[in-house]
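> structure for this input, please:
(one chain, ligands or ions: 2)
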Amino acid sequence: MSFLQPIREDYRSGFVALIGRPNVGKSTLVNKFIGEKVAITSPVAQTTRNRLRAILTTPKAQIVFVDTPGIHKPHHLLGERLVESSKKVIGEVDTILLVLEGCEEPGRGDAFIVNLLKAQPIPVAIVLNKWDLVQQLDQAQRVEEYRSLVGNDDWSIFCCSALSGDGCDELIKKISSFLPLGPYLYPPNVISDQPEEIVLSELIREQVLLHTREEIPHSVAVKIDRVEEVPLKKRKGDLSIRTAVLATVLVERKSQKGILIGKGGSMLRTIGQGARLQMQKLIAGPVYLELFVKIVPDWRSKPGRLAELGYEGK
Ligand code: GDP
Ligand code: MG
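Ligands and ions are numbered 1, 2, ... in the order given. Just a heads-up that it's a prediction; the model follows:
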């Protein structure tokens, strides 16, 4: 391996999957753990479509978090691909974090996932997330409710808030101790395994999710057509670089295209502006972003389109 390895003999490393229903805060937790935005998040269920690896390197351990789309009942081919992709991860990691909506009582969807995980041998830790929303008086009872849902004492329960960060450090310490002894799996300065194009397209999709409602979020996919570094002439002959990004936003129907473009192009401008600011943070330089909107009827049910957009099958 070409990069430096840790000197400590007791260094630990391994893969940790975040499994849970959509919208429980898996991606927000990953961002909190890493301390930077590696996964997009939103109040809309099924925001995460790719399996994303985010890497945390500490002096004692390297933890590779595998964020998943979430397990739910699929209604179309895209949904099926997302659930398949989450389930496949379960067999490929050292530890599983089962993330649950701590601010609500356990429900049927939770029991389904608990049973799925009980049927496999990999150690599981329970994360009761959104603990900031649970009244102090109710906390002990809520832990008890989840303890009886799980029905065994082998799985530790952690209460935390991905928003405030409360409980996250303790969780990281515990997770590190679950991992096997081992070297770096990624260079220590790397925090994500996503290709640049995916990261850029996800930043655009995040803005679509933030600014549109109802059927639009689920009907949208983003494809990056071109990324180019363009030299910019500045005063005194200085040269600086601007990154030009051309991207297409796919929708399923003409009405959706209308909503996405908005009156006089206002919606597309808002989305483009938001995405451009995020991209500038990521790239640490000026970005020029041009968005096109294209109708592809029923792309969510077409295997060829899904593959082209990076939503691979098994
Ligand atoms: P995922 O589908 O499980 O990846 O969920 P996301 O990370 O996209 O989060 C879904 C929503 O829950 C977003 O609006 C988050 O801001 C919110 N959220 C996540 N974690 C917390 C938390 O600890 N407390 C509160 N109050 N909200 C949270
Ligand atoms: Mg997510």
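> count of residues packed around residue 247?
Other residues near residue 247 come to 22 when the count uses other Cβ atoms under 10 Å. All C-beta atoms are positioned from the backbone trio N, CA, C, and that covers glycine.
> name the helix or strand for it, please.
Per DSSP states H and E: residue 247 is located in strand 239-251.
> residue 271 too?
helix 266-283.
> next, the buried residues of that helix.
Using 16 or more other Cβ atoms under 10 Å as the test for burial, helix 266-283 gives 267-268, 271-272, 274-276, 278-279, 282-283.
> ditto for stretch 286-306
Buried positions in stretch 286-306, judged by neighbour count with 16+ other Cβ under 10 Å: 287, 289, 291, 293, 296, 299-300, 305-306.
> in strands only, show me those.
287, 289, 291, 293 (DSSP state E).
> now whichever residue of the stretch 1-150 of the chain sits closest to ligand 1: phi and psi?
Nearest residue of the stretch 1-150 of the chain to ligand 1: residue 25, at 2.9 Å (Cβ to the nearest ligand atom). Main-chain dihedrals, residue 25, degrees, to the nearest 10: phi 110, psi 20.
> residues contacting it?
Applying Cβ atoms under 8 Å, 6 or more residues apart in numbering to residue 25 gives the contacts 41, 99, 101, 129-130, 162-163.
> could you dump the ones in strands among the buried residues of stretch 286-306 into TSV with pLDDT and distance to residue 180 added?
Shown next, in TSV, are these (pLDDT from 0 to 100; distance: Cβ to Cβ, whole Å):
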residue	pLDDT	distance to residue 180
287	93	41
289	97	43
291	97	45
293	96	48
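> what residue spans form the domains of this protein?
Per automatic domain parsing, the domain ranges recorded for the chain read 12-178, 196-308.
> hey, which of the ones you listed is tucked in deepest?
domain 12-178 (a mean of 18; mean count of other Cβ atoms under 10 Å).
> that one spans what distance, first to last residue?
One end of domain 12-178 sits 9 Å from the other (Cα to Cα, to the nearest Å).
> any weak-confidence spans in the stretch 1-150 of the chain?
Where the stretch 1-150 of the chain drops to pLDDT under 70, the residues are 1-3, 45-46, 48-51, 72-75, 79, 81-82.
> what does it put close to ligand 1?
Residues of the stretch 1-150 of the chain found near ligand 1, taking Cβ under 6 Å from any ligand atom as the criterion, are 20, 22-28, 41-43, 47-48, 70, 129-130, 132-133.
> redo that, cut-off 5 Å
Contact residues, the stretch 1-150 of the chain versus ligand 1 (Cβ under 5 Å from any ligand atom): 22-28, 41, 43, 47-48, 129-130, 132.
> same list (those residues) but as JSON lines, adding distance to residue 113 and secondary structure.
JSON lines is the format used below for these (distance: Cβ to Cβ, whole Å; DSSP: H, G, I helix; E, B strand; the rest coil):
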{"residue": "22", "distance to residue 113": "11", "secondary structure": "coil"}
{"residue": "23", "distance to residue 113": "14", "secondary structure": "coil"}
{"residue": "24", "distance to residue 113": "10", "secondary structure": "coil"}
{"residue": "25", "distance to residue 113": "15", "secondary structure": "coil"}
{"residue": "26", "distance to residue 113": "12", "secondary structure": "helix"}
{"residue": "27", "distance to residue 113": "17", "secondary structure": "helix"}
{"residue": "28", "distance to residue 113": "18", "secondary structure": "helix"}
{"residue": "41", "distance to residue 113": "20", "secondary structure": "coil"}
{"residue": "43", "distance to residue 113": "21", "secondary structure": "coil"}
{"residue": "47", "distance to residue 113": "18", "secondary structure": "coil"}
{"residue": "48", "distance to residue 113": "16", "secondary structure": "coil"}
{"residue": "129", "distance to residue 113": "14", "secondary structure": "strand"}
{"residue": "130", "distance to residue 113": "17", "secondary structure": "coil"}
{"residue": "132", "distance to residue 113": "23", "secondary structure": "helix"}
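> all strands for the stretch 101-250 of the chain, in order.
For the stretch 101-250 of the chain, applying DSSP state E, counting those that start in this stretch gives strands covering 124-129, 157-159, 221-233, 239-251.
> tell me which of those strands sits nearest to ligand 2.
Closest to ligand 2 of the strands of the stretch 101-250 of the chain is strand 124-129 (Cβ to the ion; 11.8 Å).
> how far off centre is the closest one?
17 Å (Cα atoms, centre = their mean, to the nearest Å).
> mind starting the numbering at 36 from now?
Yep, numbering from 36; the last one is strand 159-164 now.
> paired strands for it, with orientation please.
Strand pairing for strand 159-164, determined by DSSP bridges: strand 130-136 (parallel), strand 192-194 (parallel).
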